[in-house]
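K.L.:
model this:
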Amino acid sequence: MSDASATSEPKGSFTATLLAAVGGFSIFLIILLVAYLPNKAAPAGDGVKTPAERKAALAELRGKEQTAATTYGWVDKDKGIVRLPLERAVELIVQEAKK
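P.N.:
Have a look, this model is predicted:
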């Protein structure tokens, strides 16, 4: 009789093992679903531009940059900050460096 009681396992260990196995498998499935769910594309909104619109916006931006790099203008009139053409700014820096 002592042999039978020594080899038998408590009732709770089978239940705990089963719950651990089911829980582990559930966590695995959740991670698998999250990792492999297809990414749905966002609907095209107002921020999406066609290639022609992007090209026009780029041309406009480059035009503004070219104007800013080659003309005089006020950056902040109240503080007395002006914008110089790049060539003139380089000339002034070279003159300052020679002193």
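K.L.:
same for the longest helix that the chain contains, what does it pack against?
P.N.:
Scanning the chain for the longest helix, with DSSP state H as the assignment, gives helix 11-36. Using 3 or more C-beta pairs under 8 Å, 6 or more residues apart in numbering; DSSP states H and E, no helix or strand is in contact with helix 11-36. All C-beta spots, glycine's among them, are computed from the backbone N, C-alpha and C.
K.L.:
average model confidence for whichever helix or strand comes after that helix?
P.N.:
Downstream of helix 11-36, the next assigned helix or strand under DSSP states H and E is helix 51-70. The average pLDDT within helix 51-70 is 94.
K.L.:
quick one: contacts of helix 51-70?
P.N.:
Outside of helix 51-70, the residues within contact range by C-beta atoms under 8 Å, 6 or more residues apart in numbering are 49, 83, 85-87.
K.L.:
ok, residue 85 - how many residues close by?
P.N.:
For residue 85, the count of nearby residues is 14 (other C-beta atoms under 10 Å).
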